[in-house]
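Asks: mind looking at a prediction? Sequence and model below.
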Amino acid sequence: YMVDKGNHRHFMEKEIYEQPEVISHALAHYVDLGAHTVRTAVSDAIDFASLRGLTISACGTAYLAGLIGKYWFERYARLPVEIDVASEFRYREIPLSTDQAALFISQSGETADTLASLRYCHDAGLKTGAVVNVRESTIARESDAVFPILAGPEIGVASTKAFTCQLTVLASLAIAAGKARGLIHADEERQLVRQLTEMPRLMSGVLNSIEPQIEALSRELSKYKDVLYLGRGTSYPLALEGALKLKEISYIHAEGYAAGELKHGPIALIDENMPVIVIAPHDRFFEKTVSNMQEVAARGGKIIFITDERGAAASKLPTMATITLPNVAEIIAPMVFSLPIQLLAYHTAVFMGTDVDQPRNLAKSVTVE
Ligand code: G6P
């Protein structure tokens, strides 16, 4: 498979810009684009109706995709989700039962700890499903059901398009699960699927408009030693992913926190030397997150506010920068909001002069424990 950078400086940049296209491919596989339904071949692969729970295990960025998936499976399908990083999952001696199914998320399909978790669940008699990019991988071969993410080869060590394709697949599965469990009716299914299908166009629009602002902001960000990311709901795992992406490729120390945990620790660190990146679409948590932002502002913290048009209009707090995305449906917000987060990490790393595609000490696929 020949892969080149095209007109991009790095694979990471190319892969960020590929997202609208690869998400279209993933969507075509999982949903019927005419009828706006989830394909039955997909929803039938796991008998969601009979399940009492779901367990998810993964590493790194794939784990954070799973964490967002947890919110969706619980909200749309009332399916309790147990999720952990694979290196803990495999040794925790979790009580498992065969009325749970187990999902494993892995770009490469070869991560040693994730594979060990899969074998553990398989031995416990659970039905297993693999959300993978590499369909010929060990994790795909050893799973009962395979859910390809169809992102195409991902070369940059820091995962970008695989993350948003993993999310697209998990969202489709959560809708399928909600339908199978009688919680999502035909109208709602059509509405949710239609919202998913709007993603590629919305993401292209964002990619075509925010880069100049993000580049200027990244130049500023590259001067700091520590950065804090905050979010609530599905924006919380996104805050973790933002921090992970930044530290992986720019080597700036970054931490992600649930916005509500601010007062339980990280608030002690707030001063003008640690920018706080707040991820807050105008969703049902918005007001709560704004009150956390107020706590940051009151202590002289510098805020980078990543929000949507409604959110930007609703908050009057002074910020170091406000990145305004279009208003989007709640189910696609994590994918759309991934874009500024990825670009911010990317451009900051470019300013720092690091090896963006091959950051020090990191490997694309970790096949040893
Ligand atoms: C490595 C990569 C990450 C990736 C993680 C899990 O740490 O650098 O980008 O998220 O492994 O890899 P997987 O192939 O299982 O998704």
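Replies: Sure, I can see it. This one's a predicted model, so the numbers in the text were calculated from it and none came from an experiment.

Asks: who touches stretch 314-324?
Replies: Residues from elsewhere that reach stretch 314-324 (C-beta atoms under 8 Å, 6 or more residues apart in numbering): 210, 213-214, 217, 220, 275, 282, 286, 290, 293-294, 297, 302-309, 311-312, 340. For every residue, glycine as well, the C-beta is placed using N, CA and C.

Asks: go with 7 Å
Replies: Residues outside stretch 314-324 that contact it (C-beta atoms under 7 Å, 6 or more residues apart in numbering): 210, 213, 217, 275, 282, 286, 290, 293-294, 297, 302-309, 312, 340.

Asks: equivalent analysis for stretch 246-263, please.
Replies: Contacts of stretch 246-263 with the rest of the structure, by C-beta under 7 Å, 6+ apart, involve 158, 222, 224-232, 236, 239-240, 242-243, 266, 288-289, 292, 295, 345, 348-349, 352, 354, 356, 359, 362.

Asks: restricted to strands, list those.
Replies: When DSSP state E defines the strands, the subset of the contacts of stretch 246-263 inside them is Asp226, Val227, Leu228, Tyr229, Leu230, Gly231.

Asks: would you write a ChimeraX line that selects the buried entries of these?
Replies: A single ChimeraX command selects the buried members of the ones in strands among the contacts of stretch 246-263 (16 or more other C-beta atoms under 10 Å):
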select :227,228,229,230,231
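
Asks: can you list the ones in strands among the contacts of stretch 246-263 in CSV and add distance to the ligand and pLDDT?
Replies: Compiled in CSV, the ones in strands among the contacts of stretch 246-263 are given as follows (distance: C-beta to the nearest ligand atom, whole Å; pLDDT from 0 to 100):
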residue, distance to the ligand, pLDDT
Asp226, 22, 96
Val227, 19, 97
Leu228, 21, 97
Tyr229, 17, 98
Leu230, 22, 97
Gly231, 19, 97
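
Asks: quick check: the farthest pair among the ones in strands among the contacts of stretch 246-263?
Replies: Greatest spacing in these, by C-beta to C-beta: Asp226 and Gly231 (17.5 Å).

Asks: who are the contact partners of Pro148?
Replies: Val132, Arg135.

Asks: tell me the spacing between it and the ligand.
Replies: Distance, Pro148 to the ligand, by C-beta to the nearest ligand atom, to the nearest Å: 13 Å.

Asks: is it true that Ser365 lies in a helix?
Replies: No - looking at Ser365 with DSSP: H, G, I helix; E, B strand; the rest coil, it is coil, so not inside a helix.

Asks: list the contacts of it.
Replies: Ser108, Glu110, Thr111.

Asks: neighbour-wise, which one of those residues leads?
Replies: Neighbour tally across the contacts of Ser365 (other C-beta atoms under 10 Å): the maximum, 28 neighbours, falls on Thr111.

Asks: hey, which helix or strand in the protein has the poorest pLDDT?
Replies: helix 40-43 (a mean of 81; mean pLDDT, DSSP states H and E).

Asks: which other helices and strands does that helix contact?
Replies: The elements that helix 40-43 packs onto, with contact taken as 3 or more C-beta pairs under 7 Å, 6 or more residues apart in numbering; DSSP states H and E, are helix 161-180.

Asks: do the helix it packs on and the ligand meet?
Replies: No - figure legend: helix 161-180 not in contact with the ligand (C-beta under 6 Å from any ligand atom); closest approach 6.6 Å.

Asks: swap in stretch 100-109?
Replies: Yes - Stretch 100-109 reaches the ligand (C-beta under 6 Å from any ligand atom) through Ser106, Gln107, Ser108.

Asks: doesn't Val131 make contact with the second one?
Replies: Just to be clear, that refers to Gln107. No - Gln107 sits out of contact with Val131 when judged by C-beta atoms under 7 Å, with a separation of 9.4 Å.

Asks: more neighbours, these two?
Replies: Counted by other C-beta under 10 Å, Gln107 and Val131 do not tie: Val131 has more neighbours, with 31 against 28.

Asks: what secondary structure does that one sit in?
Replies: Val131 - assigned by three-state DSSP - is strand.

Asks: isn't it up against Gln166?
Replies: Yes - when contacts are counted by C-beta under 7 Å, Val131 is listed as touching Gln166 (5.8 Å).

Asks: where are the low-confidence patches of the stretch 1-150 of the chain?
Replies: 1-2 (pLDDT under 70).

Asks: for it, which residues are neighbours of the ligand?
Replies: Where the stretch 1-150 of the chain comes near the ligand, counting by C-beta under 6 Å from any ligand atom, the residues are Cys59, Gly60, Thr61, Ala62, Ser106, Gln107, Ser108, Thr111, Thr114.

Asks: what's the separation between the first one and Gly66?
Replies: Taking C-beta to C-beta, to the nearest Å as the measure, Cys59 and Gly66 are separated by 10 Å.

Asks: show me which of those two is the more surrounded one.
Replies: When Cys59 and Gly66 are compared on other C-beta under 10 Å, the one with more neighbours turns out to be Gly66, at 29 against 23.

Asks: assign the more buried one to helix, strand or coil.
Replies: Per three-state DSSP, the secondary structure class of Gly66 is helix.

Asks: apart from its chain neighbours, what residue comes closest to it?
Replies: In this structure, Gly66 finds its nearest non-sequential neighbour in Ile56, 4.2 Å apart by C-beta to C-beta, 6 or more residues apart in numbering.

Asks: wasn't Glu255 part of a strand?
Replies: Yes - counting by three-state DSSP, Glu255 is located in a strand.
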